[in-house]
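> predicted model, plus sequence, below.
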There are 2 protein chains.
Amino acid sequence: MYSNILCAVDISQEGEQILSRAASLAASFNCELSVVHIIEYTFLPKDYQKQLMEDVQPRIAELGEKYGISKKHRHIKFGQSYSEICELQERLCVDLIVIGSHGKHGFNMLLGSTANGVLQKAKCDVLLVKVDGLRS
Amino acid sequence: MYSNILCAVDISQEGEQILSRAASLAASFNCELSVVHIIEYTFLPKDYQKQLMEDVQPRIAELGEKYGISKKHRHIKFGQSYSEICELQERLCVDLIVIGSHGKHGFNMLLGSTANGVLQKAKCDVLLVKVDGLRS
């Protein structure tokens, strides 16, 4: 079915819900799972970037441990979210991207930001996970 | 994982590719699978609507037989695609909608039509299946 899933998360509780869904899928398909978190700041001083990276690393490590994602499959990137996600998708030969949505009344709030960009550019299947609403 | 999948298809070969993916998912999760085809004509004379319905029924029946979808899980609707898909999603308590995308360079061509509407309104997870490109 799928052999290589990439899940994009933020470090909130919602991020974990999405990763949990991706991990269940990866288990169902017995396939690889990578996780990526993108820090959306590109023109910050190097020291501040380093600080942001250090702030986020423990949470990604914690999520990685919890969902059995090895260190080499954990990614933290700086840049534009959708662009980094799609770059990673191609580089890792990912065949399913899992991303989240927010909002209780459909995907409105997310479309127009990261999800919209990923959907526009993705060269593989994309699963949009609903965080609130029917399945929450 | 998922218990009730709804796959929206057209009657082209691409529609079958998408349904094939949805059927694999349904088999993986041992869950229900429904299929819907929407005829996007609402103000046509009744006779012409009947004709359109009769034209499409054999193909949906054929797809249903091929992918083990019982008659009660095969739907043909008239109306606006995304609106009918989302109405059916709520009525059938579907927790995953599977729809297709076209275009070799991302989802550009589809977003803005049916997929865009579904993504905006869906109250469950949505899988966009890439027909061309990486996975074709």
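Right, received. Where do you want to start?

> if I pick A:Ser28, what's in contact with it?
Counting by C-beta atoms under 8 Å, 6 or more residues apart in numbering or on different chains, A:Ser28 makes contact with A:Met1, B:Met1, B:Ser28, B:Phe29. C-beta: built from backbone N, CA, C; applies to glycine.

> any idea which element it lies in?
In this structure, A:Ser28 sits in helix A:13-29 according to DSSP states H and E.

> to the chain's geometric centre, what's the distance from that helix?
10 Å (C-alpha atoms, centre = their mean, to the nearest Å).

> and the angle from that helix to helix B:13-29?
Orientation check (axes from the mean of the first three to the mean of the last three C-alpha atoms, to 10 degrees): helix A:13-29 against helix B:13-29 gives 90 degrees.

> show me what the next helix or strand along the chain from helix A:13-29 pairs with in its sheet, parallel or antiparallel.
Tracing the chain past helix A:13-29, the next element assigned as helix or strand by DSSP H and E is strand A:32-39. Here strand A:32-39 is paired, per DSSP bridges, with strand A:4-8 (parallel), strand A:74-78 (parallel).

> quick one: buried residues of stretch A:3-22?
When neighbours are counted by 16 or more other C-beta atoms under 10 Å in any protein chain shown, the buried residues of stretch A:3-22 are found to be A:4-11, A:14-22.

> now swap in stretch A:51-65 and tell me
For stretch A:51-65, a neighbour-count test (16+ other C-beta under 10 Å) marks A:Leu52, A:Val56, A:Arg59, A:Ile60, A:Leu63, A:Gly64 as buried.

> among the residues you listed, which two are most distant?
Maximum pairwise distance among the buried residues of stretch A:51-65 (C-beta to C-beta): 18.1 Å, between A:Leu52 and A:Gly64.

> of all the strands paired with strand A:32-39, which one is nearest B:Ile97?
Nearest to B:Ile97, of all those, is strand A:4-8, at 18.8 Å by C-beta to C-beta.

> give me the distance from that closest one to the chain's centre.
Strand A:4-8 has its C-alpha centroid displaced from the chain centroid by 7 Å (C-alpha atoms, centre = their mean).

> quick one: average pLDDT of it?
Taken as a whole, strand A:4-8 carries a mean pLDDT of 97.

> repeat for stretch A:19-39
The pLDDT scores in stretch A:19-39 average 95.

> try stretch A:61-68
For stretch A:61-68, the mean pLDDT works out to 96.

> roughly how far is that stretch from the heart of the chain?
Here the centre of stretch A:61-68 is set off from its chain's centre by 14 Å, with C-alpha atoms, centre = their mean.

> which residues sit against that stretch?
Outside stretch A:61-68, the residues within contact range by C-beta under 8 Å, 6+ apart are A:9, A:15-16, A:19-20, A:23, A:33, A:35, A:69-71, A:73-74.

> ok, stretch A:6-15 next?
The contact list for stretch A:6-15, computed with C-beta under 8 Å, 6+ apart, reads A:16, A:18-19, A:22-23, A:33-38, A:56, A:59-60, A:63, A:81, A:85, A:88-89, A:92, A:94, A:96-100, A:102, A:114, A:118, A:131.

> go again with 6 Å.
Contacts to stretch A:6-15, defined as C-beta atoms under 6 Å, 6 or more residues apart in numbering or on different chains, come from residues A:18-19, A:22, A:34-37, A:56, A:59, A:85, A:89, A:94, A:97-99, A:131.

> so which bits of stretch A:77-84 are buried?
Using 16+ other C-beta under 10 Å as the test for burial, stretch A:77-84 gives A:Lys77, A:Ser81, A:Tyr82, A:Glu84.

> which two of the residues you listed have the greatest separation?
By the measure C-beta to C-beta, A:Lys77 and A:Tyr82 form the most distant pair in the buried residues of stretch A:77-84, at 11.6 Å.

> hey, which helix is longest across chain A?
helix A:46-66 (DSSP state H).
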